[in-house]
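*Asks:* A predicted structure for the sequence below; I have some questions about it.
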Amino acid sequence: MMNSGLYIHIPFCIKKCNYCNFNSFDNINHLMDKYYNTLVQEIQNDKPDVYDTVFIGGGTPTALPLPLLLNIVSIVAKEGCEFTVEVNPATLSANGFMELRQAGVNRISIGLQTAIDSELATLGRIHTFDDFLVCYDNARKAGFNNINIDLMFGLPKQTITDFKYSLERIINLQPEHLSCYCLSIEENTPFQSMQLDLPDEEATRQMYQFCANHLTQNGYHHYEISNFAKPGFECKHNLKYWERKQYYGFGAGAHSLIKQVRFENSADICEYLKGNIKTKTVLSEKDIKNEYIFLGLRKTNGIDLTDYKLTFRQDFLQEHKEQISKYIEYCSVRDNRFFLTLDGLTVSNTIIADFLE
Ligand SMILES: C[S@@+](CC[C@H](N)C(=O)[O-])C[C@H]1O[C@@H](n2cnc3c(N)ncnc32)[C@H](O)[C@@H]1O
Ligand code: SF4
């Protein structure tokens with residue numbers, strides 16, 4: 001039987017950041033108990049027997065009172081699972097880390113964003129870089145040997161020198177995994193309505209390429225557009241999304257992919273609390289192919305051409321020969337895989353859109 005992944009969504013945050021339009025809120029704490037009860041019920045009803053990754057994300061899972069978070073962990077913890085919890089600095093004590101570790105969590109993902117305090121303030125983060133250092137140290141002391149750090153680049157007023165400084169501070173800590181995202185200005189966020197002095201496209205491109213080259217030189221495997229890992233520490237859970245493996249999502253707005261059928265919980269917390277009716281979408285062959293290409297080309301090893309032929313009964317290179325000749329300098333074929341080069345990944349949004357039907 002196929003090993004699935006479990007995703008559990010916690011939609012609470014201490015304070016909403018200025019750039020974030022994730023399904024998370026800082027003004028619904030009165031719904032915490034009810035949300036917890038609905039979520040636990042949903043997990044107990046629908047959890048599959050066989051799974052090997054769990055990811056509790058948000059929002060800020062550590063915005064929940066620790067006993068509630070530990071109860072959720074205890075319902076799904078299992079020997080041999082990759083078990084990640086997202087942590088926001090300044091939301092979990094040293095003891096909290098120990099308890100999570102003892103309960104079976106073995107991977108921590110810390111949202112840092114930048115090592116420069118003035119940039120953290122602009123982003124509306126609730127912590128300083130020193131708070132993050134304490135958090136990271138507590139995670140290590142509790143025995144976590146698989147830690148991810150989230151960073152962002154392309155921040156207001158950020159220069160390449162600023163970004164290099166943040167990256168260097170992080171590399172010095174030697175986390176096993178780094179996610180480096182380009183800031184995107186999202187709808188319905190404070191950043192959308194602010195006059196921001198953003199770095200231009202060329203500066204952002206240089207930051208991305210510096211990041212990828214520098215992390216590679218420092219022993220990190222660049223395995224997805226925004227993700228880097230020490231060998232063997234690639235995130236097994238996120239790979240399930242990119243490889244369209246089976247996963248079950250629990251909580252408001254969570255998605256599942258079960259036997260190629262997509263299920264979606266209401267993202268509206270009140271709707272979710274009313275009865276959690278999942279919307280079911282049977283994907284067409286065209287939908288599946290578009291997802292396969294869109295997600296596959298995000299990975300640096302791209303698309304397996306044999307698997308593509310087995311799945312869709314077509315030859316990928318033949319089928320996309322026009323796009324390939326248009327973007328010939330941005331793509332490559334090796335070991336029977338088609339993938340985008342680093343220059344291609346840098347402008348991947350445009351390229352990938354052209355490969356979709
Ligand atoms: C759910 S959050 C991480 C956990 C935790 N809530 C925190 O912020 O510390 C996932 C990550 O997505 C990234 N992110 C969120 N909004 C973004 C945006 N508008 N542009 C780029 N990256 C973004 C941030 O790096 C963030 O840490
Ligand atoms: S980035 Fe993280 S902490 Fe900030 S609002 Fe979004 S989910 Fe919450």
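*Replies:* Okay, I see it. Ligands and ions are numbered 1, 2, ... in the order given.

*Asks:* Checking the residue of the stretch 101-250 of the chain found nearest ligand 2 next. Helix, strand or coil?
*Replies:* In the stretch 101-250 of the chain, the residue found nearest to ligand 2 is Gly111; the distance is 5.2 Å by CB to the nearest ligand atom. Where you see a C-beta, it was placed from the backbone N, CA and C, and this is true even at glycine. With DSSP: H, G, I helix; E, B strand; the rest coil as the basis, Gly111 sits in strand.

*Asks:* how long is stretch 253-261 from one end to the other?
*Replies:* Start-to-end span of stretch 253-261 (CA to CA, to the nearest Å) is 16 Å.

*Asks:* quick revisit: the residue of the stretch 101-250 of the chain closest to ligand 2 and ligand 1, how far apart?
*Replies:* Distance, Gly111 to ligand 1, by CB to the nearest ligand atom, to the nearest Å: 2 Å.

*Asks:* which ones are touching that residue?
*Replies:* Applying CB atoms under 8 Å, 6 or more residues apart in numbering to Gly111 gives the contacts 86-89, 150.

*Asks:* Which ones, among the residues you listed, also lie beside ligand 1?
*Replies:* 86, 88, 150 (CB under 6 Å from any ligand atom).

*Asks:* ok, then the element right after the helix or strand hosting the last one?
*Replies:* This points to Asp150. Using DSSP states H and E, Asp150 sits in strand 147-153. Following strand 147-153 in sequence order, the next helix or strand is helix 160-173 (DSSP H and E).

*Asks:* residues touching the residue minimising distance to the centre of the chain, list them.
*Replies:* Centroid-nearest residue in the chain, with CA atoms, centre = their mean: Asn238, separated by 6.7 Å. Listed by CB under 8 Å, 6+ apart, the contact set of Asn238 reads 55, 224, 227.

*Asks:* try Lys230
*Replies:* Counted by CB under 8 Å, 6+ apart, Lys230 has contacts 176-177, 219-221.

*Asks:* so which of these is the most crowded?
*Replies:* The residue in the contacts of Lys230 with the most neighbours, by other CB atoms under 10 Å, is His177 (24 neighbours).

*Asks:* Can you get me a residue count around the nearest residue to that one once chain neighbours are set aside?
*Replies:* What sits nearest to His177 in space, not counting adjacent residues and going by CB to CB, 6 or more residues apart in numbering, is Asn148, at 3.9 Å. Residues lying near Asn148 (other CB under 10 Å) number 24.

*Asks:* wait, isn't Asn148 in contact with Ile170?
*Replies:* No: Asn148 is not in contact with Ile170 according to CB atoms under 8 Å; the separation is 10.8 Å.

*Asks:* tell me, what's touching the two both at once?
*Replies:* Leu178.

*Asks:* Can you tell me how far the residue nearest to Tyr247 when sequence neighbours are not counted is from Lys286?
*Replies:* Distances taken as CB to CB, 6+ apart place Gly5 nearest to Tyr247, at 4.0 Å, with adjacent residues excluded. Counting by CB to CB, to the nearest Å, the gap from Gly5 to Lys286 is 25 Å.

*Asks:* Does whichever residue of the stretch 251-357 of the chain sits closest to ligand 2 belong to a helix, a strand or coil?
*Replies:* Residue of the stretch 251-357 of the chain nearest ligand 2, by CB to the nearest ligand atom: Gly253 (12.1 Å). With three-state DSSP as the basis, Gly253 sits in coil.

*Asks:* what pLDDT does it get?
*Replies:* pLDDT for Gly253: 97.

*Asks:* That one is in contact with Lys278, isn't it?
*Replies:* No: judged on CB under 8 Å, Gly253 makes no contact with Lys278 at a distance of 11.3 Å.
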